[in-house]
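>>> Based on what follows, work out the 3D shape:
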Amino acid sequence: MTNKVFDTRRKFVRVNELRKDGFVEFDFAIGEPELFVELIMPSAAFDEFCATNKVTFLDENRRLSVSGEEASDWDWRLHNATHQRFK
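Alright, predicted model coming up:
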């Protein structure tokens, strides 16, 4: 068994949407890309945030479901609320 060290110096960003109003919706993670918060910032602030934090940008294709498997009904994100109607 390998002991993984949680390295707080590693920071990740995955852009979810570049909005027409100039805001950027993105995921931000520290240490592990699977543990993230969803954020939204004006484009200029986003650029500064990424430079200050020296982030690694993740490709949208590297998105994992919560369980690490194929997406399911439980893999809901706050971002979905702005693009999906709920019953």
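>>> the longest helix in this structure is where?
helix 43-53 (DSSP state H).
>>> Next, count neighbours for Thr56.
A count of neighbours around Thr56, defined by other Cβ atoms under 10 Å, yields 13. Placement of C-beta: from N, CA and C, glycine included.
>>> which secondary structure element contains Glu38?
strand 36-42 (DSSP states H and E).
>>> Given that strand, what are its sheet partners and their directions?
strand 23-30 (antiparallel) (DSSP bridges).
>>> got the CA coordinates for the strand it pairs with in PDB?
Below are the C-alpha coordinates for strand 23-30, written out as PDB (Å, rounded to 0.1, in the frame of the first residue of the first chain):
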ATOM      1  CA  PHE A  23     -17.700  35.700 -15.500                       C
ATOM      2  CA  VAL A  24     -15.800  32.400 -15.300                       C
ATOM      3  CA  GLU A  25     -17.400  29.400 -13.600                       C
ATOM      4  CA  PHE A  26     -14.700  26.900 -12.400                       C
ATOM      5  CA  ASP A  27     -13.700  24.200  -9.900                       C
ATOM      6  CA  PHE A  28     -10.800  24.900  -7.600                       C
ATOM      7  CA  ALA A  29      -9.000  22.100  -5.700                       C
ATOM      8  CA  ILE A  30      -6.100  22.000  -3.300                       C
END
